[in-house]
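Undergrad: Sequence first, predicted model second:
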Amino acid sequence: MTTCPTLETERLILRPFTDADFEDYLSMMDSPEVREALRISEEEGRAEAWFGLAAFTGQWKLRGTGLWALDEKSTGNFVGRAGLHNPERHDWPGVEVGWTLHPDYWGLGYATEAGKEAVRYGFQELGQEQLFSTILTDNYRSQAVAKRLGFVLNETRNLSHYPDEPHGIWILEREEYELRFS
Ligand SMILES: CC(C)(COP(=O)(O)OP(=O)(O)OC[C@H]1O[C@@H](n2cnc3c(N)ncnc32)[C@H](O)[C@@H]1OP(=O)(O)O)[C@@H](O)C(=O)NCCC(=O)NCCS
């Protein structure tokens, strides 16, 4: 099975996570802005963040999908995570493209830049016909990233792993991607 490749965009390196990233990763996941947006509960702390990171990292080996660590080329700083998420859930729509940045790096276009490379990888390397993004209905910044990448809202429904609130299920068809970016 595929391991996580290292890729490059204009301003970012997309690379595999290592255990040495954990404190930077935790600092992002523990920020009030990210906790609020992802509805991370008060009970979830270091241990849950580490298990999450381990699951995303292991997903590369098991499924050929997962998240990249994002480094800013100009400084070498860790700025966030982005990539492809395809967990074993009966009502999961398919291969999802996702993005989370440390709040210090919001407003610079990095999520869209990394998301575009993840979308390219999903279509060109994984051969998907459709990609998805599941986004809570009040997460306007994430919706804006999805729109910039050509995703459209397909439906709104509750997902079994998070039944408390509906998610928008955003979809990008290969044909639309090729029209926009090829
Ligand atoms: C969702 C999230 C990744 C979006 O981050 P973001 O910085 O708003 O998105 P982008 O990186 O695409 O940046 C877009 C902004 O950068 C600006 N920008 C500046 N320079 C830019 C450049 N060179 N290229 C593109 N955009 C640029 C854009 O104008 C836009 O500004 P705006 O916020 O005033 O509209 C971020 O809010 C986040 O991490 N949220 C918490 C986690 C989360 O919700 N994840 C998604 C779950 S579904």
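TA: Sure, I can see it.

Undergrad: secondary structure element for Gln117?
TA: Residue 117: Glu, not Gln. Using DSSP states H and E, Glu117 maps to helix 110-120.

Undergrad: how about the following helix or strand past that helix against the ligand, any contact?
TA: Using DSSP H and E, the next helix or strand after helix 110-120 towards the C-terminus is strand 130-136. Yes: residues of strand 130-136 contacting the ligand under Cβ under 6 Å from any ligand atom: Ile135. All C-beta spots, glycine's among them, are computed from the backbone N, C-alpha and C.

Undergrad: And for stretch 160-169?
TA: No: Stretch 160-169 stays clear of the ligand (Cβ under 6 Å from any ligand atom), getting no nearer than 8.2 Å.

Undergrad: In this structure, what residue spans correspond to strands?
TA: 7-8, 12-15, 67-72, 78-85, 96-101, 130-136, 152-159, 162-173 (DSSP state E).

Undergrad: For beta bridges, what are the partners of the closest residue to Gly94 other than its chain neighbours?
TA: Excluding its sequence neighbours, the residue lying closest to Gly94 (Cβ to Cβ, 6 or more residues apart in numbering) is Phe132, at 5.1 Å. Beta-bridge pairing for Phe132 (DSSP bridges): Glu96, Ile171.

Undergrad: ok, Phe132 - contacts?
TA: 93-97, 169-172 (Cβ atoms under 8 Å, 6 or more residues apart in numbering).

Undergrad: and those residues, which are buried?
TA: 93, 95-97, 169-172 (16 or more other Cβ atoms under 10 Å).

Undergrad: nearest to Ala55, of those residues?
TA: Nearest to Ala55 among these is Glu96, at 13.9 Å by Cβ to Cβ.

Undergrad: Quick check, that closest one in contact with Gln128.
TA: No: between Glu96 and Gln128 there is no contact under Cβ atoms under 8 Å: 10.5 Å.

Undergrad: Give me the neighbour count for Arg174.
TA: Arg174: 16 surrounding residues under other Cβ atoms under 10 Å.
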